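Novice: build the 3D model from these lines:
(one chain, ligands or ions: 1)
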Amino acid sequence: MPSKKTDAPKHSEAAGTQTPDRANTNAKLQSLEAFRSDATGQALRTNQGVKVADNQNTLKAGARGPSLLEDFIMREKITHFDHERIPERIVHARGTGAHGYFQSYGNHAELTKAGFLQDPEKITPVFVRFSTVQGPRGSGDTVRDVRGFAVKFYTDEGNFDLVGNNMPVFFIQDAIKFPDFVHAVKPEPHNEMPTGGSAHDTFWDFVSLVPESAHMVIWAMSDRAIPRSLRMMEGFGVHTFRLINAEGVASFVKFHWKPRQGVHSVLWDEAQKLAGKDTDYHRRDLWDAIEKGDYPEWELGVQIVPEADEHKFDFDLLDPTKIIPEELVPVTLLGKMVLNRNPDNFFAETEQVAFCPGHIVPGIDFSNDPLLQGRLFSYTDTQISRLGGPNFHEIPINRPVAPNHSSQRDAMHRMTIDKGRASYEPNSIDGGWPKETPPAAQDGGFESYQERIEAHKIRQRSESFGDHFSQARLFFQSMSPNEQQHIIKAYSFELGKVEREEIRIREVNEILANIDLKLAAAVAANLGLPAPKQGTVQVKGSKPAQSKALSQMNHPGDVGIKGRKIAVVVADGVDASRVDALVKALEAQSARPMLLGPTSAPVKTADGKALPVAASIEGMPSIMFDGIVVPGGQGSIDALAASGVAKHFLLEGYKHLKAMLLAKEAKALVGGLGLKEDKGLLLGDDQNTVEAFVKAVEGHRVWEREAAAEAIPA
Ligand code: HDD
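Specialist: Just a heads-up that it's a prediction; the model follows:
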């Protein structure tokens with residue numbers, strides 16, 4: 001990976017181990033949260049504090065009589081219930097959150113005066129919300145979509161929100177186009193379909209007419225849009241920001257989150273099936289990992305561009321449809337984030353959390369990216385209608401841990417009881433408090449970076465934003481052959497759902513042909529359209545022509561198979577000691593093996609004992625696992641060979657390129673199903689074979705198998 005670290009990386013905590021430091025960290029973090037309420041041992045009361053004697057029956061005129069209006073207990077309860085819902089987010093409505101902390105790898109004072117990046121001993125609490133963009137709150141987790149990656153740092157100098165995505169670019173260059181884009185991608189207005197996806201006319205109509213979207217759309221058609229897990233996604237701040245040091249020297253930066261779990265995806269067929277079999281697949285995966293102590297970790301990095309180099313690139317740093325290839329500017333790692341605590345209450349925390357890219361702290365500032373500038377307005381505005389007024393910063397999950405005093409007063413849902421008479425500044429009545437703090441090297445008031453601007457007031461897009469295809473081409477050409485095939489299939493699938501042929505033709509001829517003629521020809525063939533012979537614009541191409549960091553294949557992670565889910569499929573007659581040995585070998589690698597049987601009832605082992613299973617193979621199909629193990633015992637193998645559900649489980653696992661380890665007795669079963677031994681389909685349970693299986697799980701998918709797996713029914 002072309003990243004470099006500053007100071008020593010803090011990877012001293014081995015994957016999955018709990019250190020005393022961690023317990024201390026959690027205690028420190030929770031001491032900041034006096035507002036959590038626990039009703040254990042407490043009386044049930046009304047909202048006015050009156051103890052309730054009967055929570056089962058409305059007050060009535062006689063046991064069979066009419067209900068009485070005077071029943072204030074019932075009316076209070078029902079009224080509150082009637083108002084339980086708040087408007088969902090316009091975009092990113094479906095989300096899931098987790099608490100954790102951030103710790104700097106060293107003192108980055110040369111780069112920024114932000115306190116949370118100065119001291120490796122400092123623990124900064126964070127709350128992260130991951131989301132899909134298009135679907136409503138109840139939509140599926142695994143749809144093809146961009147994922148939101150929003151982090152709130154509760155620093156002791158105020159809250160810093162890094163409100164990014166799992167893709168480093170965006171669909172449009174100017175915020176004024178955001179409502180148009182969102183109206184196009186959201187379900188169509190006449191029938192509110194489709195839920196959660198972009199495979200429909202209005203989306204493709206818009207993006208085929210707006211070439212600046214080409215780069216982001218190809219990311220959305222890649223495997224990045226169907227992550228295996230929220231734990232296995234990169235995150236990006238997208239825009240260029242500024243970091244400013246104590247001397248007032250600014251650098252342009254792009255923020256990156258690099259997951260230690262690697263960057264991995266599911267296959268499209270898996271994604272679609274998971275959306276039906278487990279709508280909550282991603283939120284469950286994150287929740288379970290945190291509950292089991294498999295805390296996911298990301299490293300925060302920045303690409304740093306000195307102010308003097310602003311115009312050194314063949315793209316504009318202010319253009320949010322462009323990346324800085326890591327070959328040109330490597331990522332410098334600044335610190336790590338660990339997610340180690342699930343929320344206590346989804347609504348109070350994950351739903352009510354309010355992010356805003358305008359929440360920054362001294363040492364960080366904006367750039368003039370016109371998309372970012374529009375966002376600075378939009379988020380606060382949307383929170384006011386979503387959370388009912390301008391006091392949303394007082395909701396516990398949004399409260400800074402830094403003190404907060406101002407002359408702002410009143411409004412809906414004000415919770416602070418401000419003392420004193422002077423709610424204005426300057427004042428003499430309250431001694432002039434609260435007072436301004438002049439900017440200073442450290443711990444001073446916020447000061448905007450002084451940028452000299454000499455310009456006409458004008459509505460115009462800079463010419464330097466004009467190249468829409470070079471980096472889309474860079475992306476496609478940086479993919480492995482498997483990833484390129486997935487992209488071709490994704491465009492073909494989505495455009496195949498578009499009813500209007502003129503939209504399909506426009507996308508192929510005016511967008512894809514400018515990205516890559518082979519891509520355009522392959523998609524055209526799948527749509528029954530002629531292959532375009534040339535593009536419609538001159539594309540200068542990008543330097544470099546390929547970038548390693550863009551392919552997921554180059555992000556294996558460094559935690560081995562920690563937290564990976566392995567199905568251990570058993571039936572009556574299974575050899576208990578071989579099951580035990582396999583489970584132990586997997587657990588020794590911090591993987592999560594799970595026993596599955598024909599039903600949820602225990603199976604009978606070869607020596608006649610009952611072996612409990614966690615679930616049935618029908619209830620937990622192979623799409624929910626990273627690897628499959630079938631332990632020996634001829635009786636068990638024979639029973640599985642006679643079960644259609646079990647055979648489907650194995651066929652699907654093979655089709656989805658999963659690592660599979662089967663006892664030698666299963667050779668005939670494997671052959672009968674038409675499966676071929678390969679690097680990841682292994683027969684045997686000796687140490688070498690188990691090691692090869694672990695390696696195959698670590699590789700995420702058996703990519704070499706993809707062509708052979710085509711013939712297997714889905
Ligand atoms: Fe946005 C939510 C990310 C452009 C307007 N956005 C939202 C969330 C994420 C992003 C992660 C969910 C936060 C959460 O979990 O609560 N948005 C982005 C990124 C963008 C972007 C990475 C481009 C680089 N967004 C963007 C623009 C606008 C908005 C240009 C408007 C001009 N975004 C919103 C919003 C939302 C939102 C309507 C909906 C709910 C909310 O803010 O709190 O204000």
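Novice: how deep is whichever residue of the chain sits closest to the ligand tucked in, by neighbour count?
Specialist: Per Cβ to the nearest ligand atom, Gly148 is where the chain lies closest to the ligand, at 2.7 Å. Where you see a C-beta, it was placed from the backbone N, CA and C, and this is true even at glycine. Using other Cβ atoms under 10 Å, the number of residues around Gly148 comes to 22.
Novice: if you skip the residues just before and after it, what's nearest to it?
Specialist: Among residues not flanking Gly148 along the chain, Ser131 sits closest, at 3.7 Å (Cβ to Cβ, 6 or more residues apart in numbering).
Novice: ramachandran angles for Met415?
Specialist: Main-chain dihedrals, Met415, degrees, to the nearest 10: phi -110, psi -30.
Novice: try Ser547
Specialist: Phi and psi for Ser547, reported as degrees, to the nearest 10, are phi -140, psi 120.
Novice: per-residue confidence for it?
Specialist: pLDDT, Ser547: 98.
Novice: and Lys28, by the same measure?
Specialist: Looking at Lys28, the pLDDT reads 76.
Novice: please apply the same query to Ser12.
Specialist: Looking at Ser12, the pLDDT reads 37.
Novice: repeat that for the one 10 residues further on.
Specialist: The predicted local confidence for Arg22 comes out at a pLDDT of 67.
Novice: same question for Asp7.
Specialist: pLDDT at Asp7 comes out at 42.
Novice: picking up where we left off before, in a strand, that's where the residue of the chain closest to the ligand is, yeah?
Specialist: Yes: assigned with DSSP: H, G, I helix; E, B strand; the rest coil, Gly148 falls within a strand.
Novice: my guess is Ser423 meets His405, correct?
Specialist: No: using Cβ atoms under 8 Å, Ser423 is not in contact with His405, being 10.9 Å away.
Novice: just give me the neighbour total for the nearest residue to Lys609 once chain neighbours are set aside.
Specialist: Among residues not flanking Lys609 along the chain, Ala576 sits closest, at 6.3 Å (Cβ to Cβ, 6+ apart). Counted with other Cβ under 10 Å, the neighbours of Ala576 add up to 18.
Novice: picking up where we left off before, just give the number of residues close to the residue nearest to Gly148.
Specialist: Neighbour count of Ser131, defined by other Cβ under 10 Å: 25.
Novice: quick one: secondary structure of it?
Specialist: Secondary structure for Ser131, judged by three-state DSSP, is strand.
Novice: beta partners for it?
Specialist: Taking DSSP bridges as the rule, Ser131 bridges to Gly95, Gly148.
Novice: check contacts around it.
Specialist: Residues near Ser131 by Cβ atoms under 8 Å, 6 or more residues apart in numbering: 89, 92-96, 147-148, 150.
Novice: got the domain boundaries for this protein?
Specialist: Domain ranges of the chain: 65-398, 471-554, 565-709, per automatic domain parsing.
Novice: among these, which is nearest Phe465?
Specialist: Phe465 lies closest to domain 65-398 among the domains of the chain, at 4.7 Å (Cβ to Cβ).
Novice: how long is that closest one end to end?
Specialist: Start-to-end span of domain 65-398 (Cα to Cα, to the nearest Å) is 47 Å.
Novice: now swap in stretch 559-570 and tell me
Specialist: Using Cα to Cα, the gap from the first to the last residue of stretch 559-570 comes to 28 Å.
Novice: then stretch 475-485?
Specialist: End-to-end distance of stretch 475-485 (Cα to Cα): 13 Å.
Novice: which SS state does Gly164 fall under?
Specialist: Going by three-state DSSP: Gly164 is strand.
Novice: can you pull the contacts of it?
Specialist: 148-151, 235-238, 255, 257.
Novice: quick one: the residue of the chain closest to the ligand and Thr96 touch, right?
Specialist: No: Gly148 is beyond contact range of Thr96, at 10.3 Å (criterion: Cβ under 8 Å).
Novice: spit out the residues that contact the two alike.
Specialist: Residues touching both Gly148 and Thr96 (Cβ under 8 Å, 6+ apart) are 129-131.
Novice: in TSV: these, plus distance to Phe313.
Specialist: What follows is the shared contacts of Gly148 and Thr96, written out as TSV (distance: Cβ to Cβ, whole Å):
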residue	distance to Phe313
Arg129	32
Phe130	30
Ser131	31
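Novice: dump these to TSV, plus distance to Glu454 and pLDDT.
Specialist: Shown next, in TSV, are the shared contacts of Gly148 and Thr96 (distance: Cβ to Cβ, whole Å; pLDDT from 0 to 100):
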residue	distance to Glu454	pLDDT
Arg129	40	98
Phe130	42	98
Ser131	40	98
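Novice: what segments of the stretch 601-714 of the chain are strands?
Specialist: Along the stretch 601-714 of the chain, the stretches classed as strands by DSSP state E, counting those that start in this stretch are 603-604, 610-611, 615-616, 627-630, 659-662, 681-683.
Novice: so which elements touch the second one?
Specialist: With contacts defined as 3 or more Cβ pairs under 8 Å, 6 or more residues apart in numbering; DSSP states H and E, strand 610-611 has these neighbours: strand 603-604.
Novice: can you tell me the strand partners of the strand it packs on and which way each runs?
Specialist: Counting by DSSP bridges, strand 603-604 is paired with strand 610-611 (antiparallel).
Novice: ok, residues contacting the strand it pairs with?
Specialist: By Cβ under 8 Å, 6+ apart, strand 610-611 touches 570, 574, 576, 579, 595, 602-605.
Novice: let's have the residues you listed in CSV, adding pLDDT and distance to the ligand.
Specialist: Formatted as CSV, the contacts of strand 610-611 follow (pLDDT from 0 to 100; distance: Cβ to the nearest ligand atom, whole Å):
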residue, pLDDT, distance to the ligand
Val570, 98, 41
Val574, 98, 45
Ala576, 98, 47
Val579, 98, 42
Leu595, 98, 36
Pro602, 98, 42
Val603, 98, 43
Lys604, 98, 48
Thr605, 98, 48
